[in-house]
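Visitor: the following comprises the amino acid sequence and a computationally predicted model.
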Amino acid sequence: MKTPLFLMAMLLLFSACGSQKSDSEGSGEGMDSASQEELAAKGQEIFRNRSYGEVEIACIDCHADFDESLANDDRIRPGHSILGAHQRVEAWNGEFSGDGLRRTAAGAAKCAYLYQEKGSGIEDAISESDARALMAYYAYVSPGNEPPKLSWEAVTWPGDADFDEDTFEKELEGITKLRGDAARGEVMFDRACGPCHDTGLGPAVRIVKRKAEHVPAAVRGGNDSMPFFSRDKLTDQDIADIQAFLQK
């Protein structure tokens with residue numbers, strides 16, 4: 001007995017709808033506008049919450065939720081803008097993709113675990129409902145024309161798990177060989193470091209100055225709750241200039 005054409009059409013329609021739900025459930029698409037806004041509002045609250053983990057730092061302290069090229073400030077954030085994060089194909093240099101990307105809110109779970117000291121690991125740093133809310137917020141603030149994959153230049157763990165200690169030391173040697181410009185370094189410090197170290201989110205500048213020799217390693221590799229800056233955020237010369245300012 002042949003399957004009626006209308007039944008085949010209904011089966012195809014059901015299949016397509018199911019696929020669409022799977023692809024969009026992480027960002028709240030397919031929900032009515034009121035529900036989307038409610039979910040996105042919850043995501044915004046998480047994104048800006050400095051009490052989300054043990055360390056008092058929020059996603060917004062490292063990631064913009066707007067187009068930085070159109071912003072009035074000239075701040076340099078360690079992380080990229082979250083615009084378009086809900087539709088990226090991977091995060092953390094390919095560590096998260098597919099369902100893992102949605103479950104970690106485009107890699108935000110790793111940030112929560114590493115820098116906010118939330119949870120016992122990446123798996124439980126962010127709940128499924130919080131991940132959905134963050135993805136909904138990403139979608140809500142995004143124009144929709146963002147690239148599905150970012151090009152970033154992390155040079156060490158946790159940006160690149162294959163980056164060994166010897167290679168990292170060579171990276172640092174390259175920075176120490178550069179002549180730093182203290183005047184320019186002060187400007188760069190204000191843009192990249194001041195937002196945390198001048199506001200109490202990080203150690204005060206006077207403390208950082210005492211450990212200025214460790215600045216290249218801290219900037220490139222991160223330090224405890226301090227995230228790293230990749231090459232596309234701060235160049236080797238930028239770091240040398242900042243170090244010169246702190247050592248003067």
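Guide: All right, it came through fine. Residues are numbered from 1 along each chain as shown.

Visitor: spit out the contact partners of the residue nearest the centre of the chain.
Guide: By Cα atoms, centre = their mean, the chain has its centre lying nearest to G79, at 4.6 Å. Neighbour list for G79: C62, H63, C111, P227 [criterion: Cβ atoms under 8 Å, 6 or more residues apart in numbering]. Quick note: C-beta positions are derived from backbone N, CA and C, even for glycine.

Visitor: so which of these comes closest to A41?
Guide: H63 (17.9 Å; Cβ to Cβ).

Visitor: circling back to that earlier point, mind picking the two most distant members of the contacts of G79?
Guide: H63 and P227, at 9.7 Å, using Cβ to Cβ across the contacts of G79.

Visitor: Q116 - nearest residue in space that isn't next to it in sequence?
Guide: G53 (2.8 Å; Cβ to Cβ, 6 or more residues apart in numbering).

Visitor: what's around that neighbour, how many residues?
Guide: 21 (other Cβ atoms under 10 Å).

Visitor: what of V187?
Guide: With other Cβ under 10 Å as criterion, V187 counts 16.

Visitor: please apply the same query to the one 3 residues further on.
Guide: The criterion is other Cβ under 10 Å. On that basis, D190 has 17 neighbouring residues.

Visitor: the helix or strand it falls within: how far from the chain's middle?
Guide: Applying DSSP states H and E as the criterion places D190 in helix 182-192. When C-alpha coordinates are averaged (Cα atoms, centre = their mean, to the nearest Å), helix 182-192 and its chain have centres 23 Å apart.

Visitor: which parts of whichever helix or strand comes after that helix are buried?
Guide: Following helix 182-192 in sequence order, the next helix or strand is helix 194-197 (DSSP H and E). Residues of helix 194-197 classed as buried: G194, P195, C196, H197 (neighbour count, 16 or more other Cβ atoms under 10 Å).

Visitor: how far away is the first one from R50?
Guide: To tie it back to what came earlier, the one meant is G194. Per Cβ to Cβ, to the nearest Å, G194 is found 18 Å from R50.

Visitor: picking up where we left off before, closest one of the buried residues of helix 194-197 to V141?
Guide: Once Cβ to Cβ is applied, the member of these that ends up nearest V141 is P195, at 20.2 Å.

Visitor: contacts only, for the closest one.
Guide: Contacts of P195 (Cβ under 8 Å, 6+ apart): D61, R75, R77, L201.

Visitor: if we can go back for a sec, what distance do you get for the residue nearest to Q116 to R206?
Guide: In terms of Cβ to Cβ, G53 sits 27 Å off from R206.

Visitor: after the helix or strand bottoming out on mean pLDDT in the chain comes which helix or strand?
Guide: Counting by mean pLDDT, DSSP states H and E, the chain has its least confident helix or strand at helix 5-24, which shows a mean of 38. For helix 5-24, the succeeding helix or strand toward the C-terminus, using DSSP H and E, is helix 33-47.

Visitor: could you say what helices and strands the following helix or strand past that following helix packs with?
Guide: Counting by DSSP H and E, the element after helix 33-47 in chain order, helix or strand, is strand 90-91. Packing partners of strand 90-91 (3 or more Cβ pairs under 8 Å, 6 or more residues apart in numbering; DSSP states H and E): strand 96-97.

Visitor: in its sheet, what does the strand it packs on sit against?
Guide: Partner strands for strand 96-97, per DSSP bridges, with pairing direction: strand 90-91 (antiparallel).

Visitor: can you list the residues that contact the host helix or strand of R102?
Guide: Following DSSP H and E, the helix or strand that holds R102 is helix 98-103. Residues from elsewhere that reach helix 98-103 (Cβ under 8 Å, 6+ apart): E25, G26, R88, V89, E90, A91, G107, A109, E128, A131, R132, M135.
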